[in-house]
Every structure is written in structure tokens, then in C-alpha cells.
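A.B. asks: Quick one, what's the 3D model for this:
(2 chains)
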Amino acid sequence: MKAEVAAGNVGENRAGKHMAKNTERPICTTCPYCGVGCGISTDGTSLKGDTLHPANAGRLCVKGSSVLETLGDQDRLLNPEVEGDVVSWDQALDEVAGRFRRIVDEHGPDAVAFYVSGQLLTEDYYVANKLMKGYIGSANIDTNSRLCMSSAVVAHKRAFGEDVVPGCYEDLELADLVILTGSNTAWAHPIVYQRIAAAKQARPEMKVVVIDPRRTATCDLADLHLAIRPGQDVPLFNGLLTWLDDNNALDQAYIDAHTEGFESTLDTARSQGNDWASLATHMGVSKVDLTTFYHWFAACDRTVTVFSQGVNQARNGSDQGNAIINAHLATGRVGKPGASPFSITGQPNAMGGREVGGLANQLAVHLDIDNPAHHAAVADFWQAPALAKENGLTAVDLFQAVASGKVKAVWIMATNPVDSLPEADKVRQALMACDTVVVSDCVASGDTLACADIRLPALGWGEKSGMVTNSERCMSRQRPFVTAPGQARADWWIITQVAQRMGFADAFPYQHEHEIFAEFSALTALAGQFGKRLDLTAAADLTADQYAQWQPQQWPLNSGPRCYGDGRFSTASERARFIACENPPVRVIGDAFPIILNSGRIRDQWHTMTRTGRAGRLFAHLSEPFAALHPKDIERYRLQEGGFVRLTSRVGDALVRVTRDTGQRPGTAFMPMHWTDQFSRRARVDALVPARLDPHSGQPAFKHTPVNVSDWQPRWHGWLFTAASPPAVEYWARVPVDAFLQAGQVQRYRLAGDADLTEQQLHDWLPQAAQWLALNDPATGHYRRAALDKDGRLLAWLAIGETLPLCDVDWLADCFTQGADIQHMTILAGQPADAGPDLGPVICSCFQVRQKTIEGAVEEGADCVEAIGQCCQAGTNCGSCIPELRGLLETCTT
Amino acid sequence: MKRLVVVGNGMAACRLLEELTRLAPDLYQITVVGDEPFAGYNRVMLSPLLGGSTDENTITTHPHQWYRERSIRLITGTPVVAIHRGRRQVETAAGHVLDYDRLLLATGAGPRQLPVDGVGLKGVVSFRDLYDVRRLLSLSAARVVVVGGGFLGLEAADALVKQGHDVTLVHSRGHLLNQQLDEAAGHRLQKDLEARGIKFVMHARTQSIEGCSVQKKEDKKGSSSYSSDRVAAVHLADGQRLPADYVVQAVGIVPRAELAAQAGLTVNQGVRVDDTLQTFDPAIYAIGECVEHRERTFGLVAPLYEQASVCASHLAEMGHRRYLYADSATRLKISGIDLVSCGDFLGEKRNEIEQGETLQLSLPDSYRRLQIRDNRVVGMVLYGDVSDAPFFETLWRDSTDISALRETLLLGEAFCKRPGDKGDNAEGVAA
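C.D. replies: Below is the predicted model of the structure:
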């Protein structure tokens, strides 16, 4: 197989080449990335946004546009493996079923656990949940949605009696005031951002407020940016409640008719007083900005508050969510056109997982484990005598139970807890020590896979078939259009097979995903019986054909696009509940860890890069892990812009590049969440994060990690292009190159190190080669090497120096796909002799437009983003770079 | 008219005659005495001639007609045997007695003899002049041992291998051309020449040359005769015996200064001359491989030409120039292999504290070494691709501070122009 994947395959023809297509006609599917859930139309060789999909109406962001580039057989898990040996599916399934059965028999059902993912499709999720809770008899199934959405789930359930997002995307366009809090929408949910931006352009009077300690790309759209101190959403929204009361801006009729608990909530809010100047100081904003925000909120009936991980990933994430919802309930702005609180999810199917009950403290279909009536109804429906009676372990506790040996077997599906959980190094230790770790994944290498005893090859995007639910409760199909490589199988099939082998064949008879979806849809009838809004009963008798033809639809099916607009909620009283939110205790920052580290997404990467990490193009924007700091802190801690910083927390450390960012609040830092040990030596941000949880949701406080920072000055810097593993040096970060050799895909490594290098080491870092090109300047520590095969084709390239060696990395990447006709001297130089001027970093990933080109367009008179687009195409596809284009416009014209 | 006698008709003499007849065509009545029976030819071209890639006509630079056109009397095939400084006369072996007002010695250099037994045997030859080449060209396929891994030896070996001989070159040092190349370049050269069929024995000290008596069957006149002892093998110090039908000695040259010494001129390694190329006797000048100037002797053509030019100006009575040795790069081509070497390329010609820094570049078909001290190029070796030699040579000669270029210096001029430079230039042009 590898031999076929020879040098010379680039970009768009890769997906078409590597696997047989199932269809010649374009098929409609959904994007595998964020919770916006955009529709994609593709024939397997090219793709575009699905113009008929309600989420995106044809738009796609850069990640979505390049998803075909991430397909391909390389680094795919192709066969089941047990303890490192390739085995048949029968053997692997027997092994998993046998081990789980044995452990359950010996130690009880709570000695096993599943840890699943918002990347799974609804059918996969449903079967996993049914098996663990209904038949194994434990609720030890939790999902990585715990890490991003569980605080919002708690907030929804406490306020509405059900985990329901009342609004829809259209509300963002109808609103007169859009508040984005704890959400870098421009980068994390680009199409939602695009929709808001388009609406604001059409109605410039529409106001946008961004609440974020960082000035992010999203602030480009903001009429007001409240750069509050980290973790201060509760005082902000408590203050809002008091202000609304002081200014007679409450909707008292709504409060009286549809809610409960208002008085005590207002009392709690009032206890922080109404001295707006001191509140503003407390939060680190100006009084004018604060009261402007309050004024606008009071004035705009059509207000949508979008909240995301910046709100959820905190020690009081649930309260922060409820503080926001309180303000909406107090003004009657829930589930009405253009007026709603709006939690947007991180993952493509985080919502779908919550529907089926994929969290350890849910039963199924929005029903509760500890509610006897719910329990009885589900047990009856499933005919599941063993149905779990108690909540299971939530993610962090689950892995602590693995560490303590209480959980002896864990099956991880489609997620990477060794990178994504707090105290990530401990998670790795726990898994390494665990009796049985089963990992289902579509890739062959990963930090979690490295801990697995049994590896099961799952389908990837483009291969799997099923349902996903996006942030506005819209259910869409993911449809396959390529044939799966090797022995890869659907997750639901794998789980079903294990269930059958554990003795539950009658309850798991599924032959096709549509049967599962139909069963799930029928189950939602129980939700309706208990006053829940989750209603898919119209799909309970869906035929396979209808399932195949499914068009995007919101739940409740055959209902309007919003919930609770009538003021009737899912609680027993049908009233919404105000939740009194105490201010978080003021945390004194100690000298040991004086910087508060925040983490999050960057524009062109997704999660732990198992997919986006395969497309070199997506590294053009930001190619290395970094910590962004305010220039004052860079100076104060004697760091160097562009240099290296070692971050240390109570539980771990990281080594990344320093980025200067005036958008950071002094005293804070930001690190991207994406880099794993597969992509850099030591850049897993979650290794730094202590496992401190929201008490209600169990969600970790990823956004608030006290760290120390110190300068690291390597003795040497370097570039290495090779298809081999990274060398063992203090710092490396890799970027994939669109070139394939016998040894695999070529990677570009940025290296830095402390230790003296020997020529032997340099030699060891490079593959066997027929020909060598070498340059040595030992006095300055400057070395270059190029390895060529007998035909003169480039196999590897290395340059080391006291400073970063000069070369054109993009040109070098191209050299790997070319033949032997490049001069040796030029190869060693790493750049063409007649190198044109340096055009700076790529700003527009879609068209690979670089900074200097854009600046040139501005200098030639392009005075707006549209004009830049006409000049050089930048920003005319996905639009993700438009904030940066605006920034360039500003800097060039002032 | 004054009389000028030129002793020697090599490349230095010919160049001087060219210059002198241009500067002062009517000043002298010139007589040239050459011991070789030929008009002027290009000694540098002897290797290609031996290798069969050129012929005698082509390498003859100054045919008899050239002398006639300038009214120069050319006496060939006889050496000058005495100089009578008192009478201002020279005497040739053939009995010519020539008066002079000015005498120029351009007697060149002869091959250094191996200091071992057996160098007098038949079949032990040199490679210095056209006669040697003719002799080597007449050999039938034979086993030849070339002693000496300098230019001469390598050129001889390469040419002989092309002629179909079985050639072994023995060299006393670890790598070839150790005066011009560092070890890495020397080894590359050896590999490239091995690919052409030359066998090498390195670290080889020649102990003796073994002879034997053989009946020579193919006497030219057809009559049977016995030769005296002729070469049978070369013995090395480590005990190796290399059977040989011929031995070519190429272990360097010795200035031919006996004539000058006999005449009472100051002779050390060569004929001592001052900066005007004058010897101890104001009427006598000397140039070329026979001289010693400021304790230096010469073997390459560039300084010889410079001496000829300076000397000609003095003979033309336009003398104001002084000859000063200028270290120049050695550029040589051994049968299509380009080499350039200059300066202190090993970085060892100063005290140990000041040991310089070495930059090396190694490609499959090319090698570069630059020796740096105080951020300046003090020497270099280029092997293979020598296209950047002028660039490096300029840096070397001008002692340019290379610290700003250092990272890409070895890659050559094309990579030493940073994109930034181009931008600046472009702006300058636009302004």
C-alpha cells in the first residue's frame, strides 16, 4: 500500500486516489469539525458547502474546506490489534468481550468503563450507552463532552428542567444585540461568526458585545469588548440583574408567569451591591463600558447571548451559565425570535451524545438515572433488568478510578484523554497501569493509542454513516462516500458485536445504523411522557430508505425552530428556575504561579490534530505550539518574542514558543489546546491544568491554570524534513508536508536544543541514503544535510545553527515532490538562488495569500476587505481571515 | 644594436621575448639557445598530449617562423655549457660562442631524482619535456609505476592509463596533491582517478628500484643485442614489491642553476635574483623555474609570466617595475577534474592558539573547504564545481569580513545575496 503512495501526490487528488469512491453523484454530509454542523456536498474529489443546509447555506470555513486533504490511508489503523499483534475481528471482539465479562463477573459492573466522544455518531453513542447502562449495569460511561458542555447541560437542566438549547442560528441574525461571551467564535465556530458578521453588515445598527479576557479575532466584530478578568462572568451578570432591577428593565410579568426563584436570586445578585464603579474595577473594565453593556442589554429586547467554553470550562461553569440564563429569564428573552441564551457546542455531535444519554449522570433521552420513574420506563423499554441505578463516574473521576485500580478495564472511543483531560500526564500513567485499555480509533498513532492493550480500527469521516445533532438541535446525516481502508468498521458495529459476545445478542440485533436510529427515536416517546421536549417519535418508524434520504431537521421534530417561546418549560411546574449564583471567591495569585493560563482553539486546527494535522495547509496560519503573552509580561519575565518559554504549573510543564499579543490581559497567557506528543515534544496544555472541577457538572476549569513562565534559550535551532520519527531533542514541533516516501509522509520539524550535537547524532536523525549533501561549520555550530536516493530524489533535509538556519520551508516541501532536477547546491541552501522577496506569513489559507501581498494591495488603494479580495482573492472563500485583513488594513493605513 | 642572449627556450623565455619585442623591437639583436630540439611549446599541455587529446602542432606556441619574423636567432638542441662573464660570452656544447651585452637565464627546472638505488636503470623515466612524452608515447602496453602524487605524477598516470597501460601510482603521503588539497579533496581525487583505472598505493616510501638483465628482442635495427640492466620492480619501505616495466619519477623539480653557479653567480636553491630579476651580475637576468626570489622558487606558470613581464620592461630599458610575489589561487584541471586551491587552506600556518575555523561542503560530485580566521577567508580548496572560485578568491584577496555571509557562504555567490538585499536594490532602482 505504501508503495502506491509514492512521492508526488498532493492536495486535492489525494482523497480521490486513495480509496474507491462509493458514488459518482455528489452526496450531502456534514462537516466533522465544530458544533456549527455545516452541510457539505462532495463527490469525493472536491467539496463545497451544501447550499441547502440550514446551518451554513453553502459557506465553509478553512477547516471544512480542506477536509478532503485530511483523508488518506497513511497513518490509519487498519487491523484489530491485541497486545501489539494483528488479529482477526473475531479474535479481537472475543478478547474485548471476554475481558469485560470476566472483570464484571469478578469485580462487578462498576469495575469497567467506557469513555466516548462527541466525535461519535448518534447511533454509535446510543449503542454504547445502552450496553453500559442497560446491560453491563453500570453508568460508567462518560464522554469528552464532559470537558466542554457539561456545565451548560447543568445550567440548562437547572433553569429549564431539560438540557435544551432554546434558540436557533436564525436568532443571531434577528437579534439587535448579540453577546458573545467566552467564545472566540471567529476561530472556533467560523460559520456562526460569518452569519453574525453578515447580519451586522446588513443591519449596522445591530450591536455586538464580546466578553473575553483576551482580545480575540472575534473582537473585530465587536462594538464593545469587555475584557473582564478571567472567571468574572457571575459578577458581571449578577450586576446586570441588579442593574435591570434598578432601572426598571425587568419583565416582571414574564417573571411572575413563567419562572420561580427570582427573589432569592436577585437578593444574591444584589449582595454584591450596585456600585458600578467598584464593580467595574473588580472586573478590570471601565465603568463606562460596563454600564454601556447594561444599557444595551436593557434596551434590546432581541438579545442573544452566545456562550461557550470560556463560560463552561471554569470551576463555577454551571453558575456562569445560569447567571447568563437568569438575565434572559428576567427579561423574558428565552426561545423567542432573536432573543435567547445560546450555548454553542464544541463538537460535531456533542448534542447527539447528550440526547442518547452519553454522560455518566444521564440515563437516556434526557431522563435521569436517579429518578425512579424515569428508570423504570427506560428499563422497561430496553427490557434491561440490570439498568444502572446510580450515576457513574464523570471523566476526571473515571480516570482517577482507573489510576486507583477501581476501574480495571476502560474502552476509549474516538477521543484522546491522554491529551484532553486535566493532569494529562497522570491520565497517561493511569492508562499505562490499567489492566485492559481498549481504544477504538481511526488513526494508527496517538498519545492514547500508545497506552492501548487492544486497538480497534474504526471508520473515519467520509466512511461512517449516521446522525449528528448540531448546536441548534438540527439533526443531519453523515454519509459515506469512500470505502473504508483495511478492516476498519463502524463504531456501532464494534459495540454491537461485543455486546452480542457478552451475552446480550437479543438486545443488540442491529444490522444497520438506521435500525438503531429508529429505536432511539421510539425511545424519545418516554421523554415526552415526562414533559421533555426531546421528541423524535415521528422518526420511530423510519424506513431504511427514509433514513437514507433524511434531510436536516430540528428536534422536537415537526415543531418550530425554537423551544420555550411560550414560557412553558420542561420542569414539573413548567416554570423556569432562577438559580442564585454566588460570586466566586477571589483567588489570590501567588508568586509561585503568577500567570493565569487560558487555553483554546486556533483557527485552522481541530482538537488533537488527528485530522487537521494531516493537512500541511492548515499549519500555514500557526505552525507551532505557542504561549501568547502581553508585551509587558514578556518584558517582566525576561522572555523573548519568538523565543521559547517553559511554563510550569503545580502539576506539569510545557515548552513552547513565545507569541507577543497585546490582546492578552497582562498577567494572563494563552496556549492552544491542539498540540500533542505526536506534534511537539512537550506542548500538551492539559498536562499543566490541575484537575479542579465545577462541583455540579464535573467539568474541569481549563481556562484558569496558574503557571510560572521562564525563558529557555536553546544553544541551537534547526529544521528537519524527514518521514522518520522526531529526534530526541529538547524541543520539536512538526508540520506534515504533502509528500510521501517509502517511509511514510514527510514531516517538517522545527528543532531546538540545549545539548551539544555530534555528527553521529545528525547522522542518526536521517535515514539511510545513497547520496549525501553536507555542509559543516563546526565553529558556529552550523550544519546542513540532505539525503538523496540513488536517483537524486530528496529523502531528508536537515539544517542546524546557532540561530534558525535560513531556508524557504515551503520551497523545500515542494522539493520532496519533485524529481532529481534540482541542483545539489540549491537543495542544501534550502531555497532557490533567485529567491523572491519574503512575503511574510500566510494570512488567507484558502488562497495562500501572504501578508506582504495583502499589504501591497492596501498600499495600492484597497481600502476595505472586499477590495483586498478583488485585488488578491484573500478572504473571498471561507472568510476566516477577515479579522486579520481588517487588522492589516488598520496597521497599513495608520 | 645591443646583443641579448637568452639561455633557455621554455615558457618563461617565450613570454619574455613576446613582451620585449613588443616594447622595444629594435633594441636588441637576440639569440635564443635551447637545449631541446624544438621551438617554443606549451609545457602545460604535455599531459593532454600524453593522454592523446592533442598533438604536437597544437601545443607549439612559437614555431620557428615566429622567431624569424622578429629576427631572433634560435639555436636548438644544444645546451649552453659555460658563461664567461668577463668576456661577456656564452659557449654552447655545439661550439657556438655568443657575445652578449645582456644575458637572460631561463634554464628552468629538471626532475628531482629519487634518492634510491636503481634510478639509473633503463625504463626509469621522467615527465618533464616533449622528449619524455614522445618516449612514453612509444611504449607498448606495459606495467608502469608512477612515483609521486603531485600534479605531474597524476597527469602522467592519467595519460598513461588512457594509453592503455597498467598504471600504479605510489605516493608517500596519505592523500594526493597534499600541497594543494586537504585530505577530503585528496581522497575524492583518488576515488575519481581510481574510477578511471589508476591504482594507488598511499603512504608509500620508495625504497629501491630493482633491475634485471634482459635480452631485448625488438631492437629497432633488427639486430640482436643485450641491453644493460633495466627496471623490473619498485620496492617500497613496507616490503611491497610492485613489478614495473617502466617507472615514472614525478617527485618534484629542481631549479637548473649549475650553469649560473659555475659562472660565479649567487645560487642557493636557484639563481638568486632581486626584484628586477637581476642576478648578482648587473648584465645577467634570470627568470622562471631556475630562479630563487626572496627565498622562494617557482613551479606554476602564473608567477613565471609575471617575472617575464617585469624582466622584459627592464631589458627594454623602461624598467621601473618590481617583481613581488603575489599569492594566487592554484587552478588546475586534471583530465577534466577542476580544482582550485589557495592560501592557508589547512589553517595550520600560524601558531596553535590562532587555529582557524574550517567550513566544509560536501556534495556527491563537489567539495568545498574554506579556512576562516578572524571572519576572513585565509584559504580554500574547491573540488569539482569551481564556479564560485572568483567569488571566494575575491573575498580571500580582499580580506573581506564574511561574518554577515557566513551561513550561506559555502553555497556560493548566488546564495549570498539575501532577499533583503534584492529588495533594497529594487528600491534603489525605482528611486
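
A.B. asks: tally of neighbours for residue 283?
C.D. replies: Using chain A here. As a burial measure, A:Met283 scores 21 neighbours (other CB atoms under 10 Å in any protein chain shown). Placement of C-beta: from N, CA and C, glycine included.

A.B. asks: wrong one, chain B
C.D. replies: Burial of B:Ala283 is recorded as 12 neighbouring residues (other CB under 10 Å).

A.B. asks: go on, B:Asp281?
C.D. replies: Residues near B:Asp281, counting by other CB under 10 Å, number 17.

A.B. asks: how about it, what does it touch?
C.D. replies: Contacts for B:Asp281 (CB atoms under 8 Å, 6 or more residues apart in numbering or on different chains) come out as B:85, B:263, B:265.

A.B. asks: Pick out whichever of these sits closest to B:Leu176.
C.D. replies: B:Leu265 (36.5 Å; CB to CB).

A.B. asks: What does residue 75 show for phi and psi?
C.D. replies: Defaulting to chain A. Main-chain torsions, A:Asp75, degrees, to the nearest 10: phi 60, psi 30.

A.B. asks: other chain: chain B
C.D. replies: B:Ile75 adopts backbone torsions of phi -110, psi 120, taken as degrees, to the nearest 10.

A.B. asks: just B:Ile209 next, same as before
C.D. replies: Dihedral angles (degrees, to the nearest 10) for B:Ile209: phi -120, psi 120.

A.B. asks: For it, which non-adjacent residue is closest in space?
C.D. replies: Take B:Ile209 and drop its neighbours on the chain: the residue closest to it by CB to CB, 6 or more residues apart in numbering or on different chains is B:Gly118, 2.9 Å away.

A.B. asks: Outline the domain layout of chain A.
C.D. replies: Following automatic domain parsing, one gets these domains for chain A: A:81-148+A:349-512, A:151-343, A:595-712, A:716-829, A:842-893.

A.B. asks: and chain B, which of those is closest to it?
C.D. replies: Chain B sits nearest to domain A:716-829 of all these, at 3.6 Å, using CB to the nearest CB.

A.B. asks: what about that closest one, start to end distance?
C.D. replies: Start and end residues of domain A:716-829 are separated by 18 Å (CA to CA, to the nearest Å).

A.B. asks: touching chain B at all, it?
C.D. replies: Yes. Domain A:716-829 is in contact with chain B by CB under 8 Å from any CB of the partner chain, via A:771-780, A:782, A:788, A:801, A:805-806, A:824-825, A:828-829.

A.B. asks: average model confidence for that domain?
C.D. replies: For domain A:716-829, mean pLDDT rounds to 92.

A.B. asks: what's the answer for stretch A:636-651, then?
C.D. replies: For stretch A:636-651, mean pLDDT is 96.

A.B. asks: which residues are contacting that stretch?
C.D. replies: The contact list for stretch A:636-651, computed with CB under 8 Å, 6+ apart, reads A:422-423, A:425-426, A:593, A:595, A:597, A:627, A:629, A:631, A:633-634, A:653-660, A:669, A:671, A:687-691, A:705-714, A:731, A:752.

A.B. asks: now do stretch A:549-562
C.D. replies: Stretch A:549-562 is contacted from outside by A:39, A:53-55, A:166-168, A:170-171, A:335-337, A:340, A:355, A:467, A:469, A:472-477, A:533-539, A:542, A:563, using CB under 8 Å, 6+ apart.

A.B. asks: filter those to the buried ones?
C.D. replies: Those of the contacts of stretch A:549-562 that meet the buried threshold are A:39, A:53-55, A:166-168, A:170-171, A:335-337, A:340, A:355, A:467, A:469, A:472-477, A:533-537, A:539, A:542, A:563, by 16 or more other CB atoms under 10 Å in any protein chain shown.

A.B. asks: who are the neighbours in contact with the residue nearest to B:Ile209?
C.D. replies: B:Gly118 touches B:124, B:208-211, B:231, counting by CB under 8 Å, 6+ apart.

A.B. asks: cool, and A:Arg229?
C.D. replies: Neighbouring residues of A:Arg229 by CB under 8 Å, 6+ apart: A:213, A:282-284, A:665.

A.B. asks: again, only this time at 10 Å
C.D. replies: Counting by CB atoms under 10 Å, 6 or more residues apart in numbering or on different chains, A:Arg229 touches A:213, A:235-236, A:282-285, A:586, A:596, A:665, A:667-668.

A.B. asks: What secondary structure category should be reported for it?
C.D. replies: Secondary structure for A:Arg229, judged by DSSP: H, G, I helix; E, B strand; the rest coil, is coil.

A.B. asks: Kindly report the same for A:Leu720.
C.D. replies: Following three-state DSSP, A:Leu720 is assigned to strand.

A.B. asks: and the contacts of B:Gly118, which of them are in strands?
C.D. replies: Taking DSSP state E, the ones among the contacts of B:Gly118 that sit in strands are B:124, B:208-211, B:231.
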